[in-house]
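Colleague: what follows is a protein structure lacking sequence information:
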């Protein structure tokens, strides 16, 4: 038996109505061509820059439509939401624009820039729980106790209609599009884009992208109903959702052509590419469509549009992710090796690396490890390199110079 949520049907007119309501509120974000990805894919590739949207992501669209649709009595009671970042900021700004009081629950460990931005947009922020599920439960309890309206991040027709305006803009900006790539967490954005695009261009192929460590849709689609993951592990917190929403699941099951997954290495490489080649700051979740392009570039029919869904990346996460991306691209090499603890030993090592044309970013010593001999020292090196071939050459140069490379 096919799963049916019995949710209200969502149609193109709902998305068009949302587009009219968002006029003057949400930006029609730009679409940028990518020469690098175009060469890689062998067809035109365009980036839909929702990372340049107000609040830094597409979430404002759905939040505004949802809150604008509340009755006067519901508005008077205020709204409440739970989020680690993007939805929080969308609800905060939408509420302020509509004159509605908002309370947003965020995890205790939420990045400080996202907490500060949510407060600046006008919401009362309450930190609760270590993971989003605990934060969500607290927000729902607050709604029951206070009468405030809970604004779900993806599981409501109004939210999906708002997000679907991204699809209408894609068709206006790139009418010849043949493939659209969009990241999937709970499914609100992908469902909205699918409703809008398939109604007008059923020939366009829509591909959802999930992180391998938080891919709830493939098993759910196989089972014919939303199923939950026991464990979530990905840097892409914007799509780190353990269970598909009932409303978007039904739409995605019907209208989205395929759901693919990408690895953490691919996400890191995609984020690095967006920064270096496109000069765009994108969070890991927003880079997931680019990661899919890097993974299997030959498998897409162009023109292709990849939706960069958000750019709210914590600076510390950005630093770690970029380093990870550089390592995945063979441009950053971490090594541990042993040498004799005597004057000039480090200078000789650095000389070998200089000849190999490797740039030393950081170096540290360990002399007290019980695994070391009395005259041994272990040196950990962080090096900038020029690609996988150069990494191999650097290792070979060290081995040929007589060094024991531990890792």
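Modeller: Arrived safely, thanks for sending. Note that the structure is a prediction, hence the values are computed from the model and not measured.

Colleague: nearest residue to the residue sitting nearest the centre point of the chain other than its sequence neighbours?
Modeller: Residue closest to the average C-alpha location in the chain (CA atoms, centre = their mean): residue 285, at 0.7 Å. Among residues not flanking residue 285 along the chain, residue 238 sits closest, at 2.9 Å (CB to CB, 6 or more residues apart in numbering). Yep, even glycine has a C-beta here, placed from its N, CA and C like the rest.

Colleague: phi and psi next, for residue 378.
Modeller: Phi and psi for residue 378, reported as degrees, to the nearest 10, are phi -100, psi 130.

Colleague: pLDDT weak spots in the stretch 251-400 of the chain?
Modeller: 324-326, 328-330, 341, 365-375 (pLDDT under 70).

Colleague: could you measure from the residue nearest to residue 285 over to residue 356?
Modeller: 39 Å (CB to CB, to the nearest Å).

Colleague: which residues does the closest residue to residue 293 other than its chain neighbours contact?
Modeller: Excluding the flanking residues, the one nearest residue 293 by CB to CB, 6+ apart is residue 37, at 5.7 Å. With contact taken as CB atoms under 8 Å, 6 or more residues apart in numbering, residue 37 is in contact with 45, 273, 277, 290, 293, 297, 304, 306.

Colleague: quick check on the residues you listed: which are buried?
Modeller: 45, 273, 290, 293, 297, 304, 306 (16 or more other CB atoms under 10 Å).

Colleague: could these go into CSV alongside secondary structure and distance to residue 203?
Modeller: Shown next, in CSV, are the buried ones among the contacts of residue 37 (DSSP: H, G, I helix; E, B strand; the rest coil; distance: CB to CB, whole Å):
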residue, secondary structure, distance to residue 203
45, strand, 18
273, helix, 29
290, helix, 23
293, helix, 20
297, helix, 21
304, strand, 14
306, strand, 18
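
Colleague: can you tell me which of the residues you listed is nearest residue 337?
Modeller: Distance to residue 337 across these (CB to CB) is lowest for residue 273, with 31.0 Å.

Colleague: which of the contacts of residue 37 lies closest to residue 131?
Modeller: residue 290 (27.1 Å).

Colleague: and the closest one, what does it touch?
Modeller: 37, 47, 270, 273-274, 282, 306, 308 are the contacts of residue 290 under CB under 8 Å, 6+ apart.

Colleague: identify each buried residue in the helix ranked longest in the chain, please.
Modeller: The longest helix of the chain (DSSP state H) is helix 157-173. Residues of helix 157-173 classed as buried by neighbour count (16+ other CB under 10 Å): 157-171.

Colleague: state the mean pLDDT of that helix.
Modeller: Helix 157-173 shows an average pLDDT of 98 in the prediction.

Colleague: can you give me the helices in the stretch 251-400 of the chain?
Modeller: Under the criterion DSSP state H, counting those that start in this stretch, the stretch 251-400 of the chain carries helices at the ranges 264-276, 288-295, 315-328, 345-355, 388-400.

Colleague: looking at those, which is closest to residue 66?
Modeller: helix 288-295 (24.1 Å).

Colleague: how distant is that closest one from the center of its chain?
Modeller: 11 Å (CA atoms, centre = their mean, to the nearest Å).

Colleague: ok, residue 90 to residue 391 distance?
Modeller: 42 Å.

Colleague: with residue 52 instead?
Modeller: Residue 52 is 35 Å from residue 391, by CB to CB.

Colleague: try residue 321
Modeller: 20 Å.

Colleague: tell me which of these two has more neighbours.
Modeller: residue 321 (25 against 19; other CB atoms under 10 Å).

Colleague: apart from its neighbours in sequence, what residue is nearest residue 283?
Modeller: residue 313 (4.0 Å).

Colleague: tell me who's in contact with the one you found.
Modeller: 271, 281-284, 321.

Colleague: nearest to residue 59, of those?
Modeller: residue 283 (12.0 Å).

Colleague: wait, what's in contact with that closest one?
Modeller: 51, 236-238, 271, 310-313.

Colleague: and residue 151, by the same measure?
Modeller: Contacts of residue 151 by CB under 8 Å, 6+ apart are 63, 66-67, 79-81, 87, 91, 159.

Colleague: so which of these sits lowest on pLDDT?
Modeller: Among those, pLDDT bottoms out at residue 87, giving 94.

Colleague: and that one, how many neighbours?
Modeller: There are 29 residues near residue 87, going by other CB under 10 Å.

Colleague: still on that earlier bit, just flag the most distant two among the contacts of residue 290.
Modeller: Of all pairs in the contacts of residue 290, the most separated under CB to CB is 37 and 282 at 13.2 Å.

Colleague: what ranges does the stretch 51-200 of the chain have for its strands?
Modeller: For the stretch 51-200 of the chain, the strands defined by DSSP state E, counting those that start in this stretch occupy 79-82, 102-106, 124-127, 149-150, 179-183.

Colleague: as CSV, the contacts of residue 37 with distance to residue 183 would be great.
Modeller: Shown next, in CSV, are the contacts of residue 37 (distance: CB to CB, whole Å):
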residue, distance to residue 183
45, 16
273, 15
277, 19
290, 10
293, 12
297, 18
304, 14
306, 9
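
Colleague: thinking again about what came up before, find the pair from the contacts of residue 151 with maximum spatial separation.
Modeller: It's 80 and 159 that sit farthest apart of those, by CB to CB, at 14.7 Å.
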